[in-house]
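> Give me the fold of what follows.
(2 chains)
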Protein chains: 2
Amino acid sequence: MSYPRLIENLISHLMKLPGVGRRSAERMVFWFLNTSPEDTQSFCQNILALKERMRLCTVCNHLSEKEVCEICENPGRDQTIICVVEDHKHLLAIERSGMYRGVYHVLLGAISPTEGRGPEDLRLERLMKRIQEKGVKEVVMATDPDTEGEMTALHIMKELRPLGVKVTRIGLGIPVGSSVEYADASTLALSMSSRRVIE
Amino acid sequence: MSYPRLIENLISHLMKLPGVGRRSAERMVFWFLNTSPEDTQSFCQNILALKERMRLCTVCNHLSEKEVCEICENPGRDQTIICVVEDHKHLLAIERSGMYRGVYHVLLGAISPTEGRGPEDLRLERLMKRIQEKGVKEVVMATDPDTEGEMTALHIMKELRPLGVKVTRIGLGIPVGSSVEYADASTLALSMSSRRVIE
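This is a model prediction of the structure:
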């Protein structure tokens, strides 16, 4: 014996969410049952709006509702420094540190042989073109200090060498084996200010 | 700096769910971003279907898509025993035990002076009518063994007395797998006073 079919369906859907087990899913179902129809409507509309309207910035791959994201569009940001990050969560973590005023390039994933992503999947063409055309002075490598991230950073540095642009690597602060996503703001601030030239 | 507005909106909606903090909500948003539009559609449709089609059984108050729930409708269930529970989760917990083959009455909340719910809010009319009309032989009180649950059980027992139906209380005491050592004093007192002869 289990819950009515409608509830079991929703439980199995909710259990697909990260970090949600059966118990949490059951609690969520009862929350939905006790919430006003208007709130539920607006909840679902938010999810659908996200799927429908969220796209990638055509300049840097950051999440945006428009062609060009708020960071790329912001005249207060230094367009001559590009910070290369693995994904959106990493970008936001760096933004929260408040120490970085340049712009970004989001790779949307590192090189990962185990997941079948090679150097060619990084699609660096747009980044290279941007560096050449916009007078970029510095590229900060902010990939994770793990195997995939280091491999990715090395590959990108190799590709950028012919362009003669200064390439730096965020340094102090982030424990090796951890992830940019989980570093606290002050560690990231330190990491950003202690970046150094990679020879 | 935070996420784009669409994402922040969804994060604040997701944070209303029980047990979901900001970190979990962020992870969920990225899960939605990476899920197919079809899966997201079906996710939302499930939530909306729940709100639209789930109602209370007109006999026992259990959750059901139809007028009468699957348990009340099941000819294999003994209609002459009614188990009184506080809410739907309690009903399901008893179902999972596999030891009960009778039917239920869901109170939809216990008497709780602190939350302003008095005996009149229990709405026992339907239960009383059912006992009188269906030849019910036994009513099992399965409310919680806390102040509210005990108060509720006592009130219902008082109301049922004139009907002459047998009223029983589920066994209270030390949970299976636990130890006398860890049971609190009131549980042990109850456990001691409800001791029974072993044949």
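
> For A:Leu107, which non-adjacent residue is closest in space?
A:Glu86 (5.3 Å; CB to CB, 6 or more residues apart in numbering or on different chains). (C-beta placed from N, C-alpha, C; glycine too.)

> Contacts only, for the one you found.
A:Val106, A:Leu107, A:Leu108, A:Gly109, A:Ala110, A:Thr143, A:Asp144, A:Gly149, A:Thr152, A:Val180 (CB atoms under 8 Å, 6 or more residues apart in numbering or on different chains).

> Name the spans of chain A whose pLDDT lies under the cut-off.
Scanning chain A for pLDDT under 70 picks out A:1-2, A:171-176, A:190, A:194, A:196, A:199.

> could you dump the host helix or strand of A:Ala153 to CSV, C-alpha only?
Assigned by DSSP states H and E, A:Ala153 belongs to helix A:147-160. The C-alpha trace of helix A:147-160 is given here as CSV (Å, rounded to 0.1, in the frame of the first residue of the first chain):
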residue,chain,number,x,y,z
THR,A,147,42.8,17.1,-12.4
GLU,A,148,40.1,18.2,-14.9
GLY,A,149,40.5,21.9,-14.0
GLU,A,150,44.3,21.8,-14.2
MET,A,151,44.2,19.9,-17.5
THR,A,152,41.8,22.4,-18.9
ALA,A,153,43.9,25.4,-17.7
LEU,A,154,47.0,23.9,-19.2
HIS,A,155,45.3,23.3,-22.5
ILE,A,156,43.9,26.8,-22.7
MET,A,157,47.2,28.4,-21.7
LYS,A,158,48.9,26.5,-24.6
GLU,A,159,46.2,27.7,-27.0
LEU,A,160,46.6,31.3,-25.8
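
> That one: how far from the chain's middle?
Using CA atoms, centre = their mean, to the nearest Å, the mean C-alpha position of helix A:147-160 is found 17 Å from that of the whole chain.

> Quick one: distance of the following helix or strand past that helix to the chain centre.
Per DSSP H and E, the first helix or strand lying C-terminal to helix A:147-160 is strand A:166-169. On the basis of CA atoms, centre = their mean, strand A:166-169 is displaced by 20 Å from the centre of the chain it belongs to.

> Which strands border strand A:166-169, and is each parallel or antiparallel?
According to DSSP bridges, strand A:166-169 forms sheet pairs with strand A:138-141 (parallel), strand A:196-197 (antiparallel).

> Show me the one of those that comes nearest A:Met157.
A:Met157 lies closest to strand A:138-141 among the strands paired with strand A:166-169, at 6.9 Å (CB to CB).

> Give me the distance from the closest one to the chain's centre.
With CA atoms, centre = their mean, you get 16 Å for strand A:138-141.

> which helices and strands does the strand ranked longest in chain A pack with?
Longest strand in chain A by number of residues (criterion: DSSP state E): strand A:78-85. Applying 3 or more CB pairs under 8 Å, 6 or more residues apart in numbering or on different chains; DSSP states H and E, one finds that strand A:78-85 contacts helix A:88-97, strand A:102-106, helix A:125-133, strand A:138-141.

> Reformat those into CSV and put mean neighbour count next to each item.
Formatted as CSV, the helices and strands packed on strand A:78-85 follow (neighbours: other CB atoms under 10 Å in any protein chain shown):
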stretch, mean neighbour count
helix A:88-97, 21
strand A:102-106, 23
helix A:125-133, 14
strand A:138-141, 21
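
> Of all those, which one is nearest A:Arg195?
Across those, closest to A:Arg195 is strand A:138-141 (CB to CB), at 5.8 Å.

> Isn't A:Arg96 up against A:Ala185?
Yes - assessed by CB atoms under 8 Å, A:Arg96 is found in contact with A:Ala185 at 5.2 Å.
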